[in-house]
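*Asks:* Take a look and give me a structure for this.
(2 chains)
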Amino acid sequence: KQEVTQIPAALSVPEGENLVLNCSFTDSAIYNLQWFRQDPGKGLTSLLLIQSSQREQTSGRLNASLDKSSGRSTLYIAASQPGDSATYLCAVRRGAAGNKLTFGGGTRVLVKP
Amino acid sequence: NAGVTQTPKFQVLKTGQSMTLQCAQDMNHNSMYWYRQDPGMGLRLIYYSASEGTTDKGEVPNGYNVSRLNKREFSLRLESAAPSQTSVYFCASSEATGAGIAFFGQGTRLTVV
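*Replies:* Predicted coordinates:
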């Protein structure tokens, strides 16, 4: 059974510092990995998706890397801003069909002005 | 763009009551999902529908039923609500194949007393 872990559960940084969020998974046979952002009381918003054949994906200040062999993904957020405060979740998809996602518990991020 | 729409946003039920959570997507996605989110447990898959006319159990299906009414709509029914079903429920949709980026609704906060 796939298990996804995100450590730490919470993180507080001063504005301007780079954020590094970790995601680990136990079964390396994944189809892709997706990073989401969740604001309090809101739904999930997809940030980046990395296919299993890719090593990284970038969007603006966000960069996500994937190392399937070690079962790890890292989300980097450059030059953090107070608006980046949210919970960040990673999720892995097992196969091409069905698209079931297994989620990590999330990392709650606070960026202090 | 509406994306994934869930109704209601909030609901309080008494133990033993029944209700149906509604979900509709306007992105012509084949696959739809119901998740629940609980503190310390993350998001867990209740049921999913890989395509119109099919439904399958996820990780925590007990106490729930689903109906894929058509390609747009996927409902979740609680036949006899229990306090353990107090949670935030999210509906999601995606393409069944390809990248399969998942799009989430805003959630339904359900309290069973």
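
*Asks:* pLDDT below threshold where in the chain?
*Replies:* Picked chain A for this. A:96-99 (pLDDT under 70).

*Asks:* right idea, wrong chain: chain B
*Replies:* B:1, B:96-99.

*Asks:* residues from it in reach of chain A?
*Replies:* Taking C-beta under 8 Å from any C-beta of the partner chain as the contact definition, chain B meets chain A at B:4, B:31, B:33, B:35, B:40-45, B:48, B:50, B:56, B:58, B:90, B:92, B:94-97, B:99-107. Placement of C-beta: from N, CA and C, glycine included.

*Asks:* Tell me which of those residues fall in strands.
*Replies:* B:4, B:31, B:33, B:35, B:42-45, B:48, B:56, B:90, B:92, B:94, B:103-104 (DSSP state E).

*Asks:* from those, which is closest to B:S80?
*Replies:* B:R44 (20.1 Å; C-beta to C-beta).

*Asks:* gap between that closest one and B:S87?
*Replies:* 9 Å (C-beta to C-beta, to the nearest Å).

*Asks:* Which residues are in contact with each of those two?
*Replies:* Here B:R44 and B:S87 share the contacting residues B:36-38, scored by C-beta atoms under 8 Å, 6 or more residues apart in numbering or on different chains.

*Asks:* Let's see if you can find the most crowded of those.
*Replies:* The residue in those with the most neighbours, by other C-beta atoms under 10 Å in any protein chain shown, is B:R36 (24 neighbours).

*Asks:* number of nearby residues for the residue nearest to that residue when sequence neighbours are not counted?
*Replies:* With sequence-adjacent residues excluded and distances taken as C-beta to C-beta, 6 or more residues apart in numbering or on different chains, B:R36 is closest to B:S87, at 4.3 Å. B:S87 has 21 neighbouring residues, counting by other C-beta under 10 Å.
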